[in-house]
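Asks: build me a structure from this.
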Amino acid sequence: MYQYKLDFINNDLISELENMGLDIIEDSFEGSTTFDIYTYDNLDNLLKKYGITFLKKSVENSGWEHYWKKFLKPSVLVEGISCYYDENDKISTAKSIKLIPALAFGTGTHPTTKLAARLTKDVTPGKSFLDVGCGSGILTILAVLCGASGWYAFDNDKMAVFNAKNNMEINNIFSNYLWCGDISSLRTGFYADIVCANIISSVLLKINAKLLECAKSCIILSGIQTEEMEAFKSMFDFSGFFIENEIHENGWGALRLCR
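Replies: Model prediction:
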């Protein structure tokens, strides 16, 4: 098995890795951010195609998928709400979310997750919430903590749904509205007050029409690189929505659309 360590990653590469069934582990706990990929495949030519430099080494397949978890540290997801992985490491905040980390973005450390959380927090009370591509379930859990009146969440990855279910249960959130599927699994006529999608921009554009169809009052879009934001806005069909808020962090941007 190989370990690839990258200092940079872009949306096109993320898409290709997802199509290959490979996960990206982000390490941003020592003042800088790197991305690790563990695979039996040789990715040299793929990474060179995108001009991405990398370090590569062979590693033993001996629990690597669990070893990295010990480096996760508790963090503040959004003002007043923190994430933690071990009871001994909890941060003192008004509310907290306990997570079982898995091999995917969604541990609360990635800028796209934090941006989506910031845009979710103050509009959620008393509203129904749909989490498109829920990953670990962190944004759904946040929405419930912030007073969502109801919630729905899905992901097309079975392991992500399994992880989300476990995370919801350890945070005392129980419901039948979590399922494995893609955007087409939403029935015609379904809607939620707030629709949140923390997904790469190319996918956001592909599911544009369905997001508009399902959202009653707000759409939260995260996963857009700052450098591509203007191009994204020129391609996205807003159809009755306007940009009510736009925020950025560490090279990533997010939008909140309202009617």
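Asks: can you list the strands that the longest strand out of those in the chain pairs with?
Replies: In the chain, assigned by DSSP state E, the strand with the most residues is strand 215-225. Using DSSP bridges, strand 215-225 pairs in its sheet with strand 192-198 (parallel), strand 252-258 (antiparallel).
Asks: tell me which residues are up against the last one.
Replies: Right, the one you point to is strand 252-258. Defining contact as Cβ atoms under 8 Å, 6 or more residues apart in numbering, one finds that strand 252-258 is touched by 111-112, 115-116, 118-119, 123, 215, 217-226, 229, 233, 238, 241-248. Where C-beta positions appear, they are placed from N, C-alpha and C, glycine not excepted.
Asks: hmm, back to that, closest to residue 12 out of the strands paired with strand 215-225?
Replies: Smallest distance to residue 12 across the strands paired with strand 215-225 (Cβ to Cβ): 15.5 Å, for strand 252-258.
Asks: next, count neighbours for the closest residue to residue 85 other than its chain neighbours.
Replies: Distances taken as Cβ to Cβ, 6 or more residues apart in numbering put residue 72 closest to residue 85, at 5.2 Å, once the chain neighbours are dropped. By the measure other Cβ atoms under 10 Å, the count of residues near residue 72 is 19.
Asks: I'd say residue 72 and residue 100 touch.
Replies: No - when contacts are counted by Cβ atoms under 8 Å, residue 72 is not listed as touching residue 100 (10.6 Å).
Asks: anything in contact with each of the two?
Replies: Contacts common to residue 72 and residue 100, judged by Cβ under 8 Å, 6+ apart, are residue 85.
Asks: quick one, helices of the stretch 101-250 of the chain?
Replies: Secondary structure of the stretch 101-250 of the chain (DSSP state H, counting those that start in this stretch): helices located at 111-121, 138-145, 158-170, 201-206, 208-214, 229-235.
Asks: tell me which helix or strand comes right after the worst-scoring helix or strand of the chain on mean pLDDT.
Replies: Within the chain, confidence by mean pLDDT, DSSP states H and E is lowest for helix 64-67 among all helices and strands, at a mean of 54. As assigned by DSSP states H and E, the chain's next helix or strand after helix 64-67 is strand 75-78.
Asks: so what strands line up beside the helix or strand just after that following strand?
Replies: Proceeding N to C from strand 75-78, the next assigned helix or strand is strand 81-84, under DSSP H and E. Strand pairing for strand 81-84, determined by DSSP bridges: strand 75-78 (antiparallel), strand 95-98 (parallel).
Asks: how about the first one: buried residues?
Replies: It refers to strand 75-78. Residues 77, 78 are the ones in strand 75-78 that count as buried (16 or more other Cβ atoms under 10 Å).
Asks: let me know which of the strands paired with strand 215-225 is tucked in deepest.
Replies: Highest mean neighbour count among those (mean count of other Cβ atoms under 10 Å): strand 192-198, with a mean of 25.
Asks: all good on my end, thank you.
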